[in-house]
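[1] I'd like to go over a predicted model; first the sequence, then the structure.
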Amino acid sequence: MKRIVVIEREFGAGAGAIAEQLAHRLGWRLLDHALTEEIAKLAKVSPETCQHHEERVDPWLYRLAKVFWRGSHERSVELPDREIVDADRLMSLTKEVVNQAAEAGQCVMVGRAAVYLLRGRADTFCVFLYAPREVKYQRVLAEVHNEAEANHLIDTVDQQRAAFIRHYHNVEWPSRQLYHVMLNTAMGVEATVETILSLIDAANRREGQTP
């Protein structure tokens, strides 16, 4: 029985709205920005300690790490720099929080490399969301209100995610074999949510029929 839904996504694919509606329909917890908040609580880092660590962190890894601190609404949620120690500490805390959430179950997780951290769990249903560039561009433009910035984000954020996953998990992003389904969100939020719900139901029925 599926107790966890993990949603990975291309930047601008609309994962935030889809995950929110999916969690509501399932009656489960939405763990998007909430995951970020839990990781920050575990860090318990003072500004002075952060400054000490920042002198030693690889700036490239630091920049990549910040991609995964942010929620699906990349432009509206980002932890203050003082909350971040370094990329290795980030991954350790993320693994702890994601595994705790998975043990509790009945949740929809967005990003945070959860598909890689939970790959061995049979109770997890993994979804990858993508969309044509123009669809992503219009979604991002509606948030940032700047054409150049919207294009820059679409061109770079997913490259950073891929580099981060390559560094910490030694695989290419997205790793298609880890997902139950990959969906084009150009069909709209409601249609995407309905499709995911139908597939989860089918997976549960199939598992129930297994001897």
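    Arrived safely.

[2] Show me what stretch 124-140 is in contact with.
    With C-beta atoms under 8 Å, 6 or more residues apart in numbering as the test, stretch 124-140 has contacts from 2-15, 18, 75, 102, 115, 118, 150-151, 153-154, 174, 176, 178-186, 192, 196, 199-200, 203. To be clear about C-beta, it is placed using only N, CA and C from the backbone, and glycine gets the same treatment.

[3] cutoff 6 Å now
    Outside stretch 124-140, the residues that touch it by C-beta atoms under 6 Å, 6 or more residues apart in numbering are 2, 4-10, 12-15, 115, 118, 150, 153-154, 174, 178-183, 185-186, 196, 200.

[4] Ok, stretch 8-15 next?
    For stretch 8-15, the external contacting residues (C-beta under 6 Å, 6+ apart) are 7, 72, 110, 115, 128-131, 136, 139-140, 154, 157-158, 185.

[5] center of this structure, which residue is that?
    Of all residues in the chain, the one closest to the mean position by C-alpha atoms, centre = their mean is G111, 0.9 Å from it.

[6] returning to that earlier point: what about the contacts of stretch 8-15, which are in helices?
    Cross-referencing the contacts of stretch 8-15 against helices under DSSP state H gives 115, 136, 139-140, 154, 157-158.

[7] what's the closest of these to L31?
    L31 lies nearest to V115 out of the ones in helices among the contacts of stretch 8-15, by C-beta to C-beta, at 13.4 Å.

[8] Now do the same for C126: helix, strand or coil?
    strand (DSSP: H, G, I helix; E, B strand; the rest coil).

[9] and it, how many residues sit next to it?
    C126 has 24 neighbouring residues, counting by other C-beta atoms under 10 Å.

[10] State the distance from it to I154.
    With distances taken as C-beta to C-beta, to the nearest Å, C126 is found 23 Å from I154.

[11] cool, and Q21?
    23 Å.

[12] Repeat that for L197.
    28 Å.

[13] which residues in the chain form strands?
    4-9, 29-31, 107-110, 124-130, 181-184 (DSSP state E).
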